[in-house]
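Peer 1: A predicted structure for the sequence below; I have some questions about it.
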2 protein chains.
Amino acid sequence: MPERKVIPLDQIKVACKNCSLATLCLPIGLTPEDVDRLDQIVKRGRPMHRGDQLFATGDPLHNLFVVKTGSVKTYCPSTDGGEQVLGFHLPGELIGLEAIQDGFHHCAAKVLETSAICEIPFDRLEELGTRIPSLQHQLLRLLSKEIGHDSGMLLLLGKKSAEERLAAFLLSLSTRYRQRGLSPTDFFLSMSRHEIGNYLGLAVETVSRLFTRFQEEGLLEVSRKHVQLRDLDGLHELLGEHEPYLRQAGIAMRS
Amino acid sequence: MPERKVIPLDQIKVACKNCSLATLCLPIGLTPEDVDRLDQIVKRGRPMHRGDQLFATGDPLHNLFVVKTGSVKTYCPSTDGGEQVLGFHLPGELIGLEAIQDGFHHCAAKVLETSAICEIPFDRLEELGTRIPSLQHQLLRLLSKEIGHDSGMLLLLGKKSAEERLAAFLLSLSTRYRQRGLSPTDFFLSMSRHEIGNYLGLAVETVSRLFTRFQEEGLLEVSRKHVQLRDLDGLHELLGEHEPYLRQAGIAMRS
DNA sequence: CGGGTTGATTGATATGGATCAACCATGGGC
DNA sequence: GCCCATGGTTGATCCATATCAATCAACCCG
């Protein structure tokens, strides 16, 4: 059983050019000089704790955020006090893109566990983009990826059963952990059952029952937040055997 | 009862600078000179008919598409022959943005009725964007808007009842028709009940029953494809009284 | 015009997952 | 180390919506 990660302080302030996330984040495809220029506008590694808010609905867009360590959820609060969880974000993922359309955030973002977050002033990023075409291109790609991901979620919520949704969710986490050099089969969930259910359009109780059922079927072992996937192929088969779109959209393999 | 629109031929080939959609489409915020430059790369007004495909899943990204007249649906085909409808696109809306992430289309697009479609070679658009910052900005905004719209759909599919979904759908059409100078209360649906149900994650029969129920309640009158909304406020109330996110995300008011 | 195909409506029944209700485990605070 | 708060699990019941089945209306084509 892996220890829960303790964030080494000396990794928090690392520059983009030395950051292990460079291949997942904005710097992809940039020359070292361009990464240096990006580095100068990035505000790095503010450490935050469970429940801290990155931004709220209606806030003006100042910064985009990148998870450096830890995890973040985005959600849209509803008038009745409820909310819809829109996504869970792992290291290297860019948050706040929905605000570009009109300069205001349309959802909120909260830190799920102790996390380090980079902030990028959007106006400076955009201005830098006009001078570095490959940065602009990368930004467009990241927005587009988000659209593809959302489309996969629409398919999931529109057409898939509870069991398919949970399987897709777990496989998505698995793939994203693998990409980050972490175990794709053994990890801790930083979000509650309630948040998982909310994200997947299911009741908490359904999520809980599915976890126990998956365990009985030998697909995984679960103990509170600790999950060990025992049969990745079996989980994949639950998704209607190679649903091509979910793969491409990155639900099962957020690429 | 309005006549079904017949497309006047002389409007098909109109340049961006004279196009009635300029305020909804890419040219927003561009100087007249920049619109001229954009004009030079746009391939205009290819007329297409119901069922014609703009692109299929897996096609390489060559062009982005803009609906000039008519309407288009995007959807992702599923292995089992089924599909998930991702969106219905009215004049001025840009299609194909999900393909920017890796240069391949992850969904397919089909024309719903006789339509005129503009095509924009993406590589030339992007290259033009590096020289016209306001064009680049507008492109980012359009991508971001798509993300916001998708988030609204996730809320709709994740949390809302069948009746709320259909009301939101109708109000979204209403608002978008209004923005285009058409009647927000009297229009033809270019998509079938089956496609509406698919889009909203509902069975055809449920959609049909809801239409009749809404009619009985005096919210609208419907006869096949022809819809007349009689009580916009009543429909809005169905959406849990001013759900702020749905409004901002543009489900009920795609802005 | 008439037969056949497709899409829409309506009714009867089935069911997946929500909801309601206990109960249990964990962990944090005093 | 105990107590309470919170989150998770499990069971019983209910309901919204799917599914199955039949009929109906429109439209196309010969």
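Peer 2: Thanks, I have the structure now.

Peer 1: So, low pLDDT: which residues of the stretch 51-200 of chain A?
Peer 2: By pLDDT under 70, the weakly predicted segments of the stretch 51-200 of chain A are A:79-81.

Peer 1: All the strands of it, in order from the start?
Peer 2: A:53-55, A:63-69, A:72-77, A:83-89, A:94-95, A:108-111, A:115-121, A:186-188 (DSSP state E, counting those that start in this stretch).

Peer 1: Switch those over to TSV; also include distance to DNA strand C.
Peer 2: No exception for glycine: its C-beta is placed from N, CA and C like everyone else's. Putting these into TSV (distance: least, CB to the nearest atom of the strand, whole Å) gives the following:
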stretch	distance to DNA strand C
strand A:53-55	19
strand A:63-69	19
strand A:72-77	17
strand A:83-89	13
strand A:94-95	26
strand A:108-111	17
strand A:115-121	17
strand A:186-188	11
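
Peer 1: right, and the ones you listed - which one's nearest residue B:196?
Peer 2: Smallest distance to residue B:196 across the strands of the stretch 51-200 of chain A (CB to CB): 21.8 Å, for strand A:83-89.

Peer 1: And the closest one, how far out from the chain middle?
Peer 2: 9 Å (CA atoms, centre = their mean, to the nearest Å).

Peer 1: Report whether the top helix by length along chain A contacts DNA strand C.
Peer 2: Using DSSP state H, we find that the single longest helix of chain A is helix A:133-159. No - interface with DNA strand C: helix A:133-159 contributes nothing (CB under 7 Å from any atom of the strand), its closest point being 10.3 Å away.

Peer 1: Give me the buried positions along that helix.
Peer 2: For helix A:133-159, burial by neighbour count (16 or more other CB atoms under 10 Å in any protein chain shown) applies to A:133, A:135-159.

Peer 1: How about stretch A:188-208?
Peer 2: Using 16+ other CB under 10 Å as the test for burial, stretch A:188-208 gives A:189-191, A:193, A:195-202, A:206-208.

Peer 1: do the same with stretch A:103-119
Peer 2: A:105-119.

Peer 1: Over to stretch A:18-31?
Peer 2: A:19, A:21-22, A:24-27, A:30.

Peer 1: my read: residue A:137 touches residue A:26, true?
Peer 2: No - counting by CB atoms under 8 Å, residue A:137 does not reach residue A:26; the two are 10.9 Å apart.

Peer 1: returning to that earlier point: right, so of the strands of the stretch 51-200 of chain A, which gets closest to residue B:101?
Peer 2: Of all those, strand A:94-95 comes closest under CB to CB, at 12.7 Å.

Peer 1: can you give me the helices in chain A?
Peer 2: Using DSSP H, helices in chain A cover A:9-12, A:32-41, A:122-131, A:133-159, A:162-179, A:193-200, A:204-216, A:232-238, A:244-249.

Peer 1: Could you tell me the angle between the direction of the fifth one and that of helix A:133-159?
Peer 2: I take that to be helix A:162-179. 160 degrees (axes from the mean of the first three to the mean of the last three CA atoms, to 10 degrees).

Peer 1: what do you get for the third one?
Peer 2: Angle of helix A:122-131 versus helix A:133-159, following the same axes, to 10 degrees, is 120 degrees.

Peer 1: what's the spacing between residue A:132 and residue A:119?
Peer 2: Residue A:132 is 19 Å from residue A:119, where distance means CB to CB, to the nearest Å.

Peer 1: scratch that, residue A:220
Peer 2: Taking CB to CB, one finds residue A:220 at 36 Å from residue A:119.

Peer 1: Residue A:33 now?
Peer 2: Counting by CB to CB, the separation of residue A:33 from residue A:119 is 22 Å.

Peer 1: ok now do the most centrally placed residue in chain A, which residues does it touch?
Peer 2: The structure's chain A has its C-alpha centroid closest to residue A:89; by CA atoms, centre = their mean the separation is 2.0 Å. By CB atoms under 8 Å, 6 or more residues apart in numbering or on different chains, the contact set of residue A:89 is A:67, A:71-74, A:95, A:109.

Peer 1: change it to 6 Å
Peer 2: A:67, A:72, A:95 (CB atoms under 6 Å, 6 or more residues apart in numbering or on different chains).

Peer 1: possible to save those residues as JSON lines with neighbour count?
Peer 2: What follows is these, written out as JSON lines (neighbours: other CB atoms under 10 Å in any protein chain shown):
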{"residue": "A:67", "neighbour count": "26"}
{"residue": "A:72", "neighbour count": "26"}
{"residue": "A:95", "neighbour count": "23"}
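
Peer 1: Relative to DNA strand D, which of those is nearest.
Peer 2: DNA strand D has its nearest neighbour among the contacts of residue A:89 in residue A:72, at 16.8 Å by CB to the nearest atom of the strand.

Peer 1: quick one: the spatially closest residue to the closest one that is not a sequence neighbour and residue A:182, what's the gap?
Peer 2: The shortest distance from residue A:72 to any non-neighbouring residue, by CB to CB, 6 or more residues apart in numbering or on different chains, is to residue A:89 (4.4 Å). Here the criterion is CB to CB. By it, residue A:89 lies 15 Å from residue A:182.

Peer 1: do the same with residue A:63
Peer 2: Separation of residue A:63 from residue A:182 (CB to CB) stands at 26 Å.

Peer 1: More neighbours: the two, which one.
Peer 2: Neighbour totals were compared for residue A:63 and residue A:182, and residue A:63 leads with 21 against 16 (other CB atoms under 10 Å in any protein chain shown).

Peer 1: Spit out the contact partners of the nearest residue to the more buried one once chain neighbours are set aside.
Peer 2: Of all residues not flanking residue A:63 in the chain, residue A:119 sits nearest, at 4.1 Å (CB to CB, 6+ apart). Going by CB under 6 Å, 6+ apart, residue A:119 touches A:43, A:63, A:65.

Peer 1: rewinding a little: just give me the closest of the buried residues of stretch A:188-208 to residue A:168.
Peer 2: Nearest to residue A:168 among the buried residues of stretch A:188-208 is residue A:200, at 8.4 Å by CB to CB.

Peer 1: and the closest residue to the closest one other than its chain neighbours, how many residues sit next to it?
Peer 2: Once flanking residues are discounted, residue A:200 sits nearest to residue A:165: 4.3 Å by CB to CB, 6+ apart. Counted with other CB under 10 Å, the neighbours of residue A:165 add up to 25.

Peer 1: Repeat that for the one 3 residues further on.
Peer 2: Close neighbours of residue A:168, defined as other CB under 10 Å, add up to 24.

Peer 1: Quick one, grab the pLDDT at the nearest residue to residue A:234 once chain neighbours are set aside.
Peer 2: Nearest residue to residue A:234 in three dimensions, chain neighbours excluded: residue A:219, at 5.1 Å (CB to CB, 6+ apart). pLDDT, residue A:219: 94.

Peer 1: quick one on the thing from earlier: can you lay out the helices of chain A as CSV showing distance to residue A:59?
Peer 2: Shown next, in CSV, are the helices of chain A (distance: least, CB to CB, whole Å):
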stretch, distance to residue A:59
helix A:9-12, 24
helix A:32-41, 20
helix A:122-131, 12
helix A:133-159, 19
helix A:162-179, 27
helix A:193-200, 21
helix A:204-216, 29
helix A:232-238, 37
helix A:244-249, 28
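
Peer 1: I'd like to know which of these lies nearest to residue B:58.
Peer 2: Between residue B:58 and those, the shortest gap by CB to CB is with helix A:244-249, which sits at 8.4 Å.

Peer 1: what's near enough to touch residue A:29?
Peer 2: By CB under 6 Å, 6+ apart, the contact set of residue A:29 is A:134, A:138.

Peer 1: Quick check: it vs residue A:148, distance?
Peer 2: For residue A:29 relative to residue A:148 (CB to CB), the value is 18 Å.

Peer 1: now swap in residue A:71 and tell me
Peer 2: 21 Å.

Peer 1: Return the distance of stretch A:218-231 from the chain's centre.
Peer 2: Mean-position distance between stretch A:218-231 and its chain equals 20 Å (CA atoms, centre = their mean).

Peer 1: List of residues touching it?
Peer 2: Stretch A:218-231 is contacted by residues A:174, A:185-186, A:188-189, A:211, A:214-215, A:234-235 when judged by CB under 6 Å, 6+ apart.
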